Structure formats: C-alpha cells, structure tokens
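>>> have a look; sequence and predicted model below, questions after that.
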Amino acid sequence: MSDAPVVERPAAHEGSALLSLDDVSIRFGGLLALDGVSFDVRQGEIFSLIGPNGAGKTTCFNVMTGVYQPTSGLIRFDGEPLGDRKRFAITRLGIARTFQNIRLFGNMTALENVLVGADAHHRTGVVDALFRTPRHRREEREGEETARDVMRFLGLERRANELARNLSYGEQRRLEIARAMATRPRLLCLDEPAAGFNPAEKAQLMDLIRRIRDRGLTVLLIEHDMSLVMGVSDRVTVLEFGRKIAEGTPTEVRNDPAVIAAYLGTETAEEGES
C-alpha cells in the first residue's frame, strides 16, 4: 500500500452502531458476490470500505440501500432490520447515497436536482398538489429551504439556476452529494467521490467529508484513493473477493499482512534466491 499520511482520531463510542451488517451474503447465480460480511458503522464516524476491484464494495452499498436483497444475513439501521424495504423507504429511514458514475438530471437546474432529494420526505399526494393545499405549500417551502441550505454548505448557491449538465465535473460531484444530503440522512454513503479529481480537489474533498461529519452525519465511504482514505477515516474495513479480510484504524489496516497481500501480492521467492 502507499505511504499515505494517516490521521488517527478517537474511535466512536463502542456499542453506538448506526448501521450493522451481520453475516451478509448475496449470490448472483453461481457467483458469491458477498460472503458472510459483518461490520458496524458507528454513529458520528467516517468509516471507509476498501478493497481491490471486484472485492464487493459497491455490491455492499447496493445491498444496504435496497438495490439488491441479500441472500442471507441481516442488516440493521439504528437497531431496526431493513428487511425487504424498498429504496424510497430506506431513504426515508435515513440512508442516502451517491454513485460511482454521476447520475444527475442534466436538463434540470442544480436547484431542481437538489429538490428531488428534498422531496423524499414529502407526504402530500396528487390531490394536494393539484389544489395547492396549505400542507403542500408548506412542504414545498420547507423543501426549498433545505435544498438552498445544502447548496450553500457545498458552495453551489451561485449555480442554483444553472443546468446541471453545464456545471464543471467537480461541481457535478458536489451537486450529487447535495442531492443526497437534501434527503436529511443520518448515514451518507459516498461511492468513490474522488474519482477523476486532481490532488487539490481531493484535498478539498477530504475537508468537505470532515465538515459533513461535523454537521452531524455519519459517513460511509468507498474509495480507491488510499491517501484520502487513510487521511480522513476513523476506521476502515477491507474486502477481498466478497469477504472481509481486515478491519481497524487506518494504521492497523495499512500494516495488516492480509491487506498488503491483497493490494501488492505476496512474495513467492525467498530473499537471495535466484
């Protein structure tokens, strides 16, 4: 693994798990994509899920957010089993995510994209919208306040009326985070948010992730950039071929022989052998 700087922080309080995976497996035909994976994400921490390509990281995200149903095992959020809840129900429960490949509505404005996230908690229906009932107007007003607040937090307020497709790549990445945050989550799952970023942008992203945590959210991160992972994470879990091979602080993980072998391979020849 790289010589990325490691910044250790006090671990979140033991027993305060917000998200728990207990022996979770998922099979696609003959492929066992996740094999008995267990870990806890504690309230208020930045938790990273890493591993080589094909390790099962995004599959893990998809299982947690209702895209897939696990073949076996149990997922709990704040102690409550997720069961077979649909994606919108999981969002309302307090889990939001971004995607490895940006998924914005390009022909909608930046503000409209974030309003889509804010709408996740609206309870009014078609009749309320048609007749512009007081409850519908209140929810619209509250949704716009939430959206604009999140956009200010992410430095996007001046781009509110721009079409999403006209924003820079970095702004589009932040806009996707803004849309997720507008759902008012307790757990924010970021799938490779640094993809395509230069070193300066990665440094800004590290600061942003910390500020999101300081805002009261728990952050679950999938990322290939080890400098970012080691610099921002409280704890790290490592997957390989769908199985957990290590877990701990950044220092513990980067020095774990199984992790070193997974990323760099094991030496097959003894020192001094021709």
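Received it, and whenever you're ready, just let me know what you need.

>>> number of residues surrounding N255?
By the criterion of other CB atoms under 10 Å, N255 has 14 neighbours. C-beta: built from backbone N, CA, C; applies to glycine.

>>> give the next helix or strand downstream of the worst-scoring helix or strand of the chain on mean pLDDT.
Lowest by mean pLDDT, DSSP states H and E among the helices and strands of the chain is helix 126-131, with a mean of 49. Scanning the chain past helix 126-131 towards its C-terminal end, the next helix or strand to appear is helix 134-153 (assignment: DSSP states H and E).

>>> pLDDT weak spots in the stretch 51-200 of the chain?
By pLDDT under 70, the weakly predicted segments of the stretch 51-200 of the chain are 121-139.

>>> helix, strand or coil for the spatially most central residue of the chain?
Per CA atoms, centre = their mean, the C-alpha nearest to the average position across the chain is that of C189, at 1.5 Å. Here C189 is recorded as strand under DSSP: H, G, I helix; E, B strand; the rest coil.

>>> with adjacent residues omitted, what lies nearest to it?
Using CB to CB, 6 or more residues apart in numbering and skipping the chain neighbours, the partner closest in space to C189 is R97 (3.9 Å).

>>> kindly report the same for R76.
S20 (4.5 Å).

>>> surely the residue nearest to the centre of the chain and L220 touch.
Yes - at 4.6 Å, C189 and L220 qualify as touching, with contact defined as CB atoms under 8 Å.

>>> now list whatever residues contact both of these two.
Overlap of the contact sets of C189 and L220 (by CB atoms under 8 Å, 6 or more residues apart in numbering) consists of F61.

>>> strands along the stretch 51-200 of the chain, start to end?
72-77, 80-81, 95-97, 187-191 (DSSP state E, counting those that start in this stretch).

>>> what pairs with the longest one, parallel or antiparallel?
Just to be clear, that refers to strand 72-77. For strand 72-77, the paired strands and their directions (DSSP bridges) read strand 17-28 (antiparallel), strand 80-81 (antiparallel).

>>> for the last one, same thing?
In its sheet, strand 187-191 lies beside strand 95-97 (parallel), strand 218-222 (parallel), with partners assigned from DSSP bridges.

>>> what does that strand rub up against?
18-19, 41, 58, 61, 64-65, 77, 94-100, 177, 180-181, 209, 212, 217-223.

>>> and E176, how far is that from E145?
Computed as CB to CB, to the nearest Å, the E176 to E145 distance reads 20 Å.

>>> which parts of this protein are helices?
57-64, 87-93, 110-118, 126-131, 134-153, 169-181, 199-214, 226-232, 250-254, 257-264 (DSSP state H).

>>> nearest to A33, out of those?
When the helices of the chain are compared by CB to CB, helix 57-64 sits nearest A33, at 4.7 Å.

>>> quick one: that closest one to strand 218-222, angle?
Orientation check (axes from the mean of the first three to the mean of the last three CA atoms, to 10 degrees): helix 57-64 against strand 218-222 gives 140 degrees.

>>> report all helices and strands that helix 57-64 contacts.
strand 17-28, strand 31-42, strand 46-50, strand 187-191, strand 218-222 (3 or more CB pairs under 8 Å, 6 or more residues apart in numbering; DSSP states H and E).

>>> dump the ones you listed to CSV, plus distance to T109.
Formatted as CSV, the helices and strands packed on helix 57-64 follow (distance: least, CB to CB, whole Å):
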stretch, distance to T109
strand 17-28, 33
strand 31-42, 33
strand 46-50, 31
strand 187-191, 23
strand 218-222, 27
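
>>> right, and those - which one's nearest A164?
Nearest to A164, of these and by CB to CB, is strand 187-191 at 18.3 Å.

>>> circling back: and the residue nearest to C189, what does it touch?
By CB under 8 Å, 6+ apart, the neighbours of R97 are 61, 65, 180, 188-191.

>>> which residues sit against stretch 20-29?
32-41, 59-60, 63-64, 68-77.
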